[in-house]
Every structure is written in structure tokens, then in C-alpha cells.
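In: build the 3D model from these lines:
(one chain, ligands or ions: 1)
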Amino acid sequence: NSLAEARRAAASPLFANLDGDIGVSFEFFPPKTEKMEAQLWDTFRTLEPLAPRFVSVTYGAGGSTRERTHATVARIAAESAVPPAAHLTCVEASRAEINEVAEAYWEAGVRHIVALRGDVPGGAPYSAHPEGYANAVELVAGLKAVAPFEISVAAYPETHPDADCPQADLDNLKRKLDAGATRAITQFFFSPDSFLRFRDKAAASGIDAPIIPGILPVSNVSQTRRIADMCGTAIPAWMVSLFDGLDDHPAARQLVAATIAAEMCRRLYAGGVRDFHFYTLNRAELSYAICHLLGLRPVSSAKDQAA
Ligand code: FAD
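Out: So this is what the prediction gives:
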């Protein structure tokens, strides 16, 4: 089976989805201003016809976007057939506060939560709220007690900075799944091999839930470096050198960005990966182009062609 996959991928360098077997999801952040809101909806409407399995909306540090995340997720639930997932963190919140947020989602028709511990704003070491969920494992169990949500959790191919060792991080992931989560979405990474090794180690640790790679299409290395440093993702030297000299060439940067991310997805596909989660940063073009290269087409035009 894997030989057949490798042959197919090799025969068609950038074009996968040969059996219509690729599933994608898109992540957005809640907009702050009217202009950003217009941009988000533009992005959403561009990506929506690709029929994502779900789209998710992040939750700002310590609940700072509580209302905006809710408003964005509820609008998607009301206006689109694409199922939305609401990110929810437990840092700096009591159990009662979290449960209330979760109940409001259930009432708004939202059935999928991405359950996260979160980080202390300002970068201080993590400590649990005295009346809160201590970590994501407890949060998952707590959400399941509120309502039968579908729950996704975070995974770290290059290990979470707080973890004692990679195996402890995997054991923590297994506890989150055992507590009721059904899939993991990874932190972004730039080495397909690190993801594939992580997936194999997870399987060897008894994890059989899907682990979906989080793909960050990068067109600005210095911006990405700041985020990558915080979450322990390595930025490879080859990537820095590919963007070298493109500071004044934004269009070329976009083309290089799409090529790098599409090549990463192709290698993941060759390794058996079929689901991809895109960190869109509320912009459609790169994610759309990469999905196109992966063989995805807008659902209505695919139907038109079949007719
Ligand atoms: P946990 O799973 O609780 O683990 C955190 C660390 O603590 C791990 O290293 C784990 O191994 C260790 N640990 C946990 N329990 C134990 C234990 N009992 N003993 C020993 N070690 C333990 N942040 C936001 O603020 N908003 C978002 O919307 C958001 N979305 C995200 C989406 C994805 C897909 C990802 C990958 C991350 C996201 N984050 C978000 C970031 C996330 O909140 C941080 O990475 C946070 O530091 C860890 O969250 P977690 O849910 O992985 O925590």
C-alpha cells in the first residue's frame, strides 16, 4: 500500500488527491476591527467551496477574545454548512467560566471544540487557576461533562517546550485522547520527517486517533521566527536561505511560500497523510493555492464538471 502511494506521489509531483481522498480544515483568528472582519469573511467565502471538513477559530490569550471568538464561530454555524470548531483555553479561568462558555457554544449549535491549556499572557511560566482546570487533559474531561462535544487537542511534533521529554509529551497527548478527544492537530513544523516520525512514535505509544499536521504557509521568515521561537518550532536554514533577498519582492515571496508548503504537503501525502489543517492567518491565497496544487477543486465546479 505504501509502495503504491509512493509511486503515485512520485508520478505526480504536486498533484495529489488522486482518489479524492484529501480532507482539509482551515484555522482563522477572530477579527478585531471591521476591516479585519471583512477580510476574514472574504477569506472564509473563498475557502468555503473547497468543502473543508471543519474550520476553527482561535481563542486569544487568557480568554481575551472570548466574545469575538464566539461571535465568529456562531456566525459560521448560522450561515454556512461548514462545521465550525471553537478553540477554548483554560488558562486564567475558573471551571465555572469555562463551562459557561462551552454551554453557550452548545446552545449556538456548535458541536466541535479545540480544547487547549493556553499560555499565561506575557510569557510567565504556566500555573493553573486555583478554581480552574489544571491542564488540557482536565479541560477535555470537563467539556465532555458539559455536553457530548467533538473535541480536538494540540500535539507537538517537535515537543512542547514545557514537556520533560518527547515521550512525556506523547503520554500527555494520549491522556487527552483517553479523556475524550477524537483527533489531534499539530503545532506547525517545517520538517515533514519530524511529523512522520512523531506520528509513528505516537502509534507505538498506543495512539490510534488521527493526528493532523498543522500547515503554516510562510511568506515572511522574520515574522514566523518570533512565533516559532515561542512554541519551540525549528526554522530550518534552507528556509531562511530560500527567502533571502526577497524582502522587496512580495509577489515572489508568495510564490516561494506556496512552493515550500505544497512540497511539504506532497511529502506528507507520500508518507500516507490525507488530512491537512491550514493556519490561514485570515488570508485565503496561499492556502487556496496549496489546496489547488493538492488537487482540491471548489465543490460546485466539481459538480458542474460531473454533470
Ligand atoms: P497541555 O496538553 O495541557 O500540555 C502542556 C504541556 O504540559 C505539555 O508539555 C505537556 O506534556 C505538559 N503536561 C501537561 N500535563 C502534565 C502532567 N500532568 N505532568 C507533566 N507534564 C504535563 N493557544 C491559545 O491561547 N489559543 C488558541 O486558540 C490556541 N490554539 C492552538 C491550536 C493548536 C492546533 C495548537 C497546536 C496550539 C494552540 N494554542 C492556542 C497554543 C497552546 O495553548 C499552547 O501550546 C499551550 O502552551 C499548551 O496547550 P496544550 O493544550 O497543548 O496543553
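In: going forward, measure contacts and count neighbours with C-alpha atoms only.
Out: Will do.
In: tell me the helix or strand right after the longest helix anywhere in the chain.
Out: If you go by DSSP state H, the chain has its longest helix at helix 250-270. Following helix 250-270 in sequence order, the next helix or strand is strand 275-279 (DSSP states H and E).
In: residues contacting Ala234?
Out: Neighbour list for Ala234: 158, 189-190, 228 [criterion: Cα atoms under 8 Å, 6 or more residues apart in numbering].
In: and Ala237, how far from Val221?
Out: Going from Ala237 to Val221 by Cα to Cα, to the nearest Å gives 11 Å.
In: please state the backbone phi and psi of Pro213?
Out: phi -70, psi 130 (degrees, to the nearest 10).
In: nearest residue to Val299 in space, please, no chain neighbours.
Out: Ranked by Cα to Cα, 6 or more residues apart in numbering and with sequence neighbours excluded, the top spatial neighbour of Val299 is Pro49, at 5.5 Å.
In: got the contact list for the one you found?
Out: 297-300.
In: same deal with Ser152?
Out: So Ser152 contacts 112-115, 181-185 (Cα under 8 Å, 6+ apart).
In: dump these to TSV, plus secondary structure and distance to the ligand.
Out: Output for the contacts of Ser152, formatted as TSV (DSSP: H, G, I helix; E, B strand; the rest coil; distance: Cα to the nearest ligand atom, whole Å):
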residue	secondary structure	distance to the ligand
His112	strand	13
Ile113	strand	10
Val114	strand	7
Ala115	strand	6
Ala181	coil	11
Thr182	coil	13
Arg183	strand	10
Ala184	strand	8
Ile185	strand	5
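In: now which of those residues would you call buried?
Out: Buried members of those, counted by 16 or more other Cα atoms under 10 Å: 112-115, 181-185.
In: between the residues you listed, which sits nearest Glu92?
Out: Ala115 (14.4 Å; Cα to Cα).
In: the closest one pairs with what?
Out: Note on Ala115: beta-bridge partners by DSSP bridges are Leu88, Val153.
In: verify the stated contact: it with Ala136.
Out: Yes: contact criterion Cα atoms under 8 Å: Ala115 and Ala136 qualify, at 6.4 Å.
In: hey, what's in contact with both of those two?
Out: By Cα under 8 Å, 6+ apart, the residues touching both Ala115 and Ala136 are Val153.
In: how about the residues of the protein near the ligand?
Out: 58-61, 87, 116-119, 135-136, 154-155, 160-163, 168-169, 172, 185-187 (Cα under 6 Å from any ligand atom).
In: quick one, strands of the stretch 51-200 of the chain?
Out: Under the criterion DSSP state E, counting those that start in this stretch, strands of the stretch 51-200 of the chain are mapped to 54-57, 84-89, 112-116, 150-155, 183-188.
In: for this structure, give me the ranges with low pLDDT.
Out: Applying pLDDT under 70 to the chain flags the ranges 1-19, 301-307.
In: what does stretch 80-98 contact?
Out: Taking Cα under 8 Å, 6+ apart as the rule, stretch 80-98 contacts 48, 51-59, 62-63, 69-70, 73, 76-77, 110-120, 127-136, 139.
In: send over stretch 276-293 as PDB, restricted to the C-alpha atoms.
Out: C-alpha atoms of stretch 276-293 as PDB (Å, rounded to 0.1, in the frame of the first residue of the first chain):
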ATOM      1  CA  PHE A 276      -4.300  18.800   6.400                       C
ATOM      2  CA  HIS A 277      -5.100  21.700   8.700                       C
ATOM      3  CA  PHE A 278      -4.100  25.200   7.400                       C
ATOM      4  CA  TYR A 279      -3.100  28.100   9.600                       C
ATOM      5  CA  THR A 280      -4.600  30.700   7.200                       C
ATOM      6  CA  LEU A 281      -3.800  33.800   9.200                       C
ATOM      7  CA  ASN A 282      -7.100  35.000   7.800                       C
ATOM      8  CA  ARG A 283      -5.700  35.100   4.200                       C
ATOM      9  CA  ALA A 284      -7.000  32.900   1.500                       C
ATOM     10  CA  GLU A 285      -4.500  33.000  -1.300                       C
ATOM     11  CA  LEU A 286      -1.700  30.700   0.000                       C
ATOM     12  CA  SER A 287      -4.000  28.100   1.500                       C
ATOM     13  CA  TYR A 288      -6.200  28.200  -1.600                       C
ATOM     14  CA  ALA A 289      -3.200  27.800  -4.000                       C
ATOM     15  CA  ILE A 290      -1.700  24.900  -1.900                       C
ATOM     16  CA  CYS A 291      -5.100  23.100  -1.800                       C
ATOM     17  CA  HIS A 292      -5.400  23.600  -5.600                       C
ATOM     18  CA  LEU A 293      -1.900  22.100  -6.100                       C
END
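In: buried residues in that stretch?
Out: Per 16+ other Cα under 10 Å, stretch 276-293 contains these buried residues: 276-284, 286-293.
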